[in-house]
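[1] Model the structure of this input:
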Amino acid sequence: MGGLRDAELEEFLAGDALARVACLRADGSPYVVPMWYQWDGTSFWFVGRERSEWCKMMEADPRVAVVIDKEHGRPDSNSGEIAQIPKVMTSGRVEIVEKPNVGGQWVDIAAKMAVRYLGADGPSYLESTLKQPRWLIRLTPDEIKTWKGVGWAKRYWVDSTGGPSFEEAHGLTK
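    Next comes the predicted model:
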């Protein structure tokens, strides 16, 4: 139960889960796009193709929200283990670090992402697209919320329903 510890958060963000980034269209309606990201311990970095609509949306309105979670499997029912479903949720205002260019700071970040998401084939994917202009966008979150995805947070529990107590439902009583 509860949020990810610092080491768990860092390990999870170093993995290959996609970020689902919500930004705003010109009419104020939400637009959500799954994408690669790079976490440096303080900020999330996104590299977008020159013609990516989401980059233009972020340039016009920098407010975003991000969810990173990972598809999970169920543990063997005989193991007694409880499945964990880690989630990271954050929001803030992005900064356009680089408008579309070829050979900018985005190359190093894209190289790290390509290896992380594609493994050994990552460098060849990136090499074939290096002459394509890209944006570099940074999100330094206002706050980061995490959840292991198991159990309920006590603040959601309603005691007056006649069911088990929070402690009973979560195996916290002796």
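[2] For the rest of this, base every contact and every neighbour count on C-alpha atoms.
    Will do.
[3] Span of stretch 38-52 from start to end?
    Stretch 38-52 stretches 18 Å from its first residue to its last (CA to CA, to the nearest Å).
[4] same question but for stretch 113-128, I mixed them up
    Span of stretch 113-128 from end to end, CA to CA: 15 Å.
[5] Now tell me what touches it from outside.
    Contacts to stretch 113-128, defined as CA atoms under 8 Å, 6 or more residues apart in numbering, come from residues 15-16, 36-38, 110-111.
[6] Going by neighbour count, which of those residues comes out on top?
    Using other CA atoms under 10 Å as the neighbour criterion, Tyr37 leads the contacts of stretch 113-128 with 29 neighbours.
[7] that older thread, just name the closest of the contacts of stretch 113-128 to Glu53, please.
    Trp36 (15.6 Å; CA to CA).
[8] longest strand anywhere in this protein?
    Scanning the chain for the strand with the most residues, using DSSP state E, yields strand 87-101.
[9] Show the subsequent helix or strand relative to it.
    Using DSSP states H and E, the helix or strand that follows strand 87-101 in sequence is helix 106-118.
[10] Following that following helix in sequence, what is the next regular element?
    By DSSP H and E, the next helix or strand past helix 106-118 is helix 122-127.
[11] Indicate each strand paired with the helix or strand following that next one and its parallel or antiparallel sense.
    Once the chain leaves helix 122-127, the next helix or strand it forms, by DSSP H and E, is strand 134-139. Sheet pairing of strand 134-139 (DSSP bridges) gives strand 44-49 (antiparallel), strand 87-101 (antiparallel).
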